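>>> Could you work out the structure for the sequence below:
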Amino acid sequence: MPNTKSNRGRVKRLPRGARGGIELLLIQTVEHLGKTGDVVEVKAGYANNFLLPQGLATIATPHHKRMVEKHRARLAEIERKRLAGLQAQADELGRLSVTIEANANDEGHLYGSVGAHEIATALKQHNFTIATEQVRLEGPLKELGLYTVRIHMGHEINAELKVWVVPSASEPAAEKT
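Residues are numbered from 1 along each chain as shown. Below you'll find the predicted structure:
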């Protein structure tokens with residue numbers, strides 16, 4: 001957290017924007033807020049509790065603004081490379097299919113359901129680290145079958161993943177005796 005005390009022990013105020021919020025310069029792109037190098041105005045709690053401690057933004061001083069303008073071309077190139085990497089990862093995910101085993105009855109209805117957590121765990125076995133928030137399901141998967149699931153990579157880059165929900169191999173084939 002930035003040092004907010006001055007020499008005399010008084011708390012320094014963060015710079016206020018035109019609408020009364022805190023004016024910050026984004027160090028990294030924050031979804032639904034802005035891109036690297038943008039000057040944004042946010043509420044004090046969001047700035048103090050999330051953006052500043054996570055290192056996603058810094059105080060928008062005139063010096064920082066001049067430095068961003070000076071290096072804007074380099075920042076744009078870094079962002080292009082990052083987006084190209086996300087697109088490559090999305091293309092690789094599009095060619096992948098994962099299989100998830102689940103307990104189901106004879107009609108193919110699952111006893112539970114398959115959700116975003118199970119899909120993210122299955123992707124980790126294929127060396128893809130995807131957060132559960134990135135898995136976009138219209139609802140939990142409650143039947144056996146093939147599903148197409150959207151994975152949100154960020155910045156309007158999405159991947160279509162094929163998910164096979166199959167009966168669990170540990171189920172006994174026939175319980176009739």
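
>>> so where do the strands sit in this protein?
Ranges of strands within the chain are 22-26, 39-42, 57-59, 97-102, 109-114, 135-136, 141-143, 145-154, 157-167, based on DSSP state E.

>>> Put together a markdown table for those strands, with mean pLDDT, mean neighbour count and distance to Asn127 on each row.
Backbone N, C-alpha and C define where each C-beta goes, glycine included. Listed next are the strands of the chain as a markdown table, based on pLDDT from 0 to 100; neighbours: other C-beta atoms under 10 Å; distance: least, C-beta to C-beta, whole Å:
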| stretch | mean pLDDT | mean neighbour count | distance to Asn127 |
| --- | --- | --- | --- |
| strand 22-26 | 89 | 22 | 30 |
| strand 39-42 | 90 | 18 | 35 |
| strand 57-59 | 89 | 18 | 31 |
| strand 97-102 | 92 | 16 | 12 |
| strand 109-114 | 91 | 14 | 21 |
| strand 135-136 | 92 | 16 | 17 |
| strand 141-143 | 92 | 16 | 23 |
| strand 145-154 | 91 | 15 | 15 |
| strand 157-167 | 92 | 17 | 14 |
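
>>> right, so of the ones you listed, which gets closest to Gln125?
Closest approach to Gln125 among the strands of the chain (C-beta to C-beta): strand 97-102, 7.8 Å.

>>> which ones are touching the residue nearest the centre of the chain?
Taking C-alpha atoms, centre = their mean as the criterion, Gln134 is the residue nearest the geometric centre of the chain, at 5.4 Å. Gln134 makes contact with 120, 151-154, according to C-beta atoms under 8 Å, 6 or more residues apart in numbering.

>>> I am finished for the moment; much appreciated.
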